[in-house]
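Asker: show me the folded form of this:
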Amino acid sequence: MCDDYLDAPSGKSPRSWDRSTLLLIAWLEEYFTFHGERMPNRYEILLPYGTVQREIYEQYKKDVENPV
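Answerer: Numbers count the residues shown, from 1 in each chain. Presented below is the predicted three-dimensional model:
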């Protein structure tokens, strides 16, 4: 999971996130690690060109019993 939570929405700390949100974050991190390419000079993961958000969500719905 993420080590720093600087990207948390304002007014929400990670401790107040519900379980399904944390599972979504973990699933996305695993997906990006498996499908993306890590840049050697930056802390970024790039997905292949043409990756569509809807395709990622469809895969998420297949993998998870109760999607967010």
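
Asker: buried ones in the one helix or strand Glu58 maps to?
Answerer: In the assignment (DSSP states H and E), Glu58 maps to helix 53-63. Buried residues in helix 53-63, defined by neighbour count with 16 or more other C-beta atoms under 10 Å: Ile56. Yep, even glycine has a C-beta here, placed from its N, CA and C like the rest.

Asker: next: stretch 26-45.
Answerer: For stretch 26-45, the neighbour count (16+ other C-beta under 10 Å) marks 27, 31-32 as buried.

Asker: which other residues reach that stretch?
Answerer: Residues outside stretch 26-45 that contact it (C-beta atoms under 8 Å, 6 or more residues apart in numbering) are 1-2, 46-48, 51, 56, 59-60, 63-64.

Asker: for these, could you give me TSV that also reports pLDDT?
Answerer: As requested, these are arranged in TSV below (pLDDT from 0 to 100):
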residue	pLDDT
Met1	47
Cys2	51
Leu46	89
Leu47	90
Pro48	90
Thr51	89
Ile56	92
Gln59	92
Tyr60	92
Asp63	90
Val64	86
